[in-house]
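Undergrad: Using only what follows, build the 3D model:
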Amino acid sequence: MRKDMTMIVIIGLFLTNMFTFGNGYCFVGQTAFNISSYGTVEKYCEYKGMRFAIGSSFKLASPECIECTCKDPMYQCCGYGASGGVFAVEGCKTVTDFCNVLFVDPKDPNKLCGPSATKAIPKTTVTTTTEKRHQKHLQQPMHKGKQ
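TA: You can find the predicted model right below:
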């Protein structure tokens with residue numbers, strides 16, 4: 001039992017030292033408001049021209065990579081993933097993949113290392129609608145016309 005606890009502590013210390021996480025970032029802003037001609041006050045949060053209702057939360061994808069909560073009198077946004085702070089794994093190069101953070105081999109950026117090594121880098125090909133139609137047309141049997 002004592003040996004198991006010692007091993008767990010050693011593994012925990014190893015994992016703690018393997019990662020160096022910097023400070024993530026958060027920011028706050030004041031809610032805004034409009035007053036209608038009837039005197040009704042509408043409060044909202046505004047971020048980059050987008051308005052959000054009081055009591056709502058929203059998450060913006062890449063390149064923003066932030067999560068926000070809109071409350072009265074302030075809203076708060078914090079970065080997540082690639083915008084969540086500085087990441088480092090010894091012996092690996094840090095790269096961003098949209099909002100995700102990946103650790104790759106510095107000599108071979110197609111090879112994952114560290115905690116990313118359990119994921120595979122997908123090889124994707126983009127096929128346009130026109131290409132799909134062309135491929136479908138090529139797969140159809142040829143019909144002979146009337147002779």
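Undergrad: For Cys70, which non-adjacent residue is spatially closest?
TA: Closest residue to Cys70 apart from its sequence neighbours, by CB to CB, 6 or more residues apart in numbering: Cys45 at 3.7 Å. Heads up, the C-betas are built off the backbone N, CA and C, glycines and all.
Undergrad: Give me the pLDDT value at that neighbour.
TA: On pLDDT, Cys45 comes in at 97.
Undergrad: who does whichever strand or helix holds it pair up with?
TA: Element membership of Cys45 [criterion: DSSP states H and E] is strand 41-47. Applying DSSP bridges, strand 41-47 is found paired with strand 32-35 (antiparallel), strand 50-53 (antiparallel).
Undergrad: Any buried residues in the last one, and which?
TA: Applying a neighbour-count criterion of 16 or more other CB atoms under 10 Å, the buried positions in strand 50-53 are Phe52.
Undergrad: ok, the residue nearest to Cys70 - contacts?
TA: Gly29, Thr31, Ala32, Arg51, Phe52, Ala53, Ile54, Ser56, Cys68, Cys70, Tyr75 (CB atoms under 8 Å, 6 or more residues apart in numbering).
Undergrad: Would you show me how to pick out the buried ones of the residues you listed in ChimeraX?
TA: In ChimeraX, this line selects whichever of the contacts of Cys45 come out buried by 16+ other CB under 10 Å:
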select :31,52,68,70,75
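Undergrad: Among the contacts of Cys45, which one sits closest to Gly81?
TA: Cys68 (14.6 Å; CB to CB).
Undergrad: Many thanks, have a good one.
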